[in-house]
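In: Sequence and predicted model, in that order:
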Amino acid sequence: AAERYAALRDLPAVARCGSHVRLMMNAGIMADLPSLNGSGAEGVGLFRTELQFLLRNSMPRRSDLAALYARVLKAAEGRRVAFRTLDIGSDKVMPYMNRPEEPNPAMGWRAVRVGLDKKGVMRMQLQALIRASNGRPLTVMFPLVAEMSEFAEARDLLMREIERERHLGHPLPATVEVGAMLETPSLAFAPDAFFKLADFVSIGGNDLKQFFYAADRENELVRRRYDTLSLSFITFIQKIVKRCEDNDCALSFCGEDAGRPVEALAFLGAGIRSLSMRPAAIGPVKDLIRRADLTEVAALIDEAKDRGEERLRPLLLNYIRGLPA
Ligand code: PEP
Ligand code: MG
């Protein structure tokens, strides 16, 4: 199987129906970057910046971060890298930052909430990203955005830092793309203006699923209880696809489920056309995409819904079994 996937590396992820799927990889440390070439990913759909903060025992300096981000962009050789701003709190705790004890950290003071309340750290990170991009395109996304105003405020911070750099006569990014991670159901119901303001939305499936089902992703007792491939969750994904299409907002899905071929196929059937996953998953996912017809998968979802079914997984497994090898 490994050889089969390696042979696919330079082939496009095009389904039998002709639809092209953008396959990107997730990364978090410099050592992940060589996988861009090895996996055939089109870019980095999620760069988890918090790892740099968690692996040390003091707050990194702006110049250290800027140097690191510049190395990442250089290694990407022009391919898109979506930098996700610091997602701390919950399971990710920085030893050098004082945090209050929280009864339920996953639903607590984390991610963009911390960034907006403690703007110093967020601004420092945004400055590092701007300096690193230096004439190259810059893509930034904010984690766990729950409502439009949070996104507008975070985006504004970035734009103000760019203005500041311009004022100082420093080099600027060639282009700037700003997106939000959709990880709470609330954001799917944000006003149209949110989807128009965001250049893109990236579904953080790990968190979105935990909040959709109210089932803690860290809790062994419940974390496997609900299936991503239930028609309720897939219907919700379809709703997000529709909101983005209606407002001309690019959409992708990152999160572990994107790297599971059956789940990936369901997302594509729901209308998603861009997935970001761990590098080793790209081969198996691409292999399945090239054998499948996404209009057939979409029809399968519609039929299952019409019949009032709850579970999509058996139907999809059956569909996959019938595909040409
Ligand atoms: C997610 O929640 O799906 C995601 C991609 O972010 P993380 O796993 O880092 O929370
Ligand atoms: Mg998340």
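Out: Great, that's in hand. Ligands and ions are numbered 1, 2, ... in the order given.

In: C-alpha from now on. contacts and neighbour counts both.
Out: OK.

In: How many residues are close by Gly283?
Out: Using other C-alpha atoms under 10 Å, Gly283 has 26 neighbouring residues.

In: list the buried ones in stretch 92-106?
Out: 92-94, 106 (16 or more other C-alpha atoms under 10 Å).

In: can you check stretch 317-325 too?
Out: So stretch 317-325, judged by 16+ other C-alpha under 10 Å, has buried residues Ile320.

In: residues in contact with it?
Out: 262, 291-292 (C-alpha atoms under 8 Å, 6 or more residues apart in numbering).

In: cool, stretch 180-196 as well?
Out: Residues outside stretch 180-196 that contact it (C-alpha under 8 Å, 6+ apart) are 141-148, 151, 198, 200-209, 211-212, 239-240, 243-244, 247-249.

In: same thing with stretch 83-103?
Out: 46-50, 53-54, 57-59, 104-112, 114-115, 122, 125-126, 139-143.

In: Any of those residues buried? List them.
Out: 46-50, 53-54, 106, 109-112, 114-115, 122, 125-126, 139-143.

In: Phi and psi next, for the residue of the stretch 1-150 of the chain found nearest ligand 1.
Out: Ranked by C-alpha to the nearest ligand atom, the top residue of the stretch 1-150 of the chain for proximity to ligand 1 is Arg48, at 6.4 Å. Dihedral angles of Arg48 (phi, psi; degrees, to the nearest 10) stand at phi -80, psi 100.

In: Leaving out chain neighbours, which residue sits closest to it?
Out: Of all residues not flanking Arg48 in the chain, Gly28 sits nearest, at 4.6 Å (C-alpha to C-alpha, 6 or more residues apart in numbering).

In: returning to that earlier point: among the contacts of stretch 83-103, name the ones in helices.
Out: 50, 53-54, 112, 114-115, 122, 125-126 (DSSP state H).

In: So which of those residues is the closest to Glu310?
Out: Nearest to Glu310 among these is Val112, at 33.8 Å by C-alpha to C-alpha.

In: Find me the pLDDT at the closest one, would you?
Out: The per-residue pLDDT reported for Val112 equals 97.

In: ok, now Asp91?
Out: Asp91 is given a pLDDT of 68.

In: Which strand or helix spans Ile301?
Out: Per DSSP states H and E, Ile301 falls inside helix 294-306.

In: Which residue ranges of the stretch 51-200 of the chain form helices?
Out: Along the stretch 51-200 of the chain, counting by DSSP state H, counting those that start in this stretch, helices occupy 62-76, 112-117, 119-133, 148-167, 185-188, 192-197.

In: Ranking the ones you listed by mean neighbour count, which comes first?
Out: Stretch with highest mean neighbour count among the helices of the stretch 51-200 of the chain: helix 119-133 (a mean of 21; mean count of other C-alpha atoms under 10 Å).

In: one step back: let me have the ones in helices among the contacts of stretch 83-103 in TSV, adding distance to Asn219 as columns.
Out: Output for those, formatted as TSV (distance: C-alpha to C-alpha, whole Å):
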residue	distance to Asn219
Glu50	22
Phe53	25
Leu54	22
Val112	23
Val114	23
Gly115	26
Met122	30
Gln125	31
Leu126	33
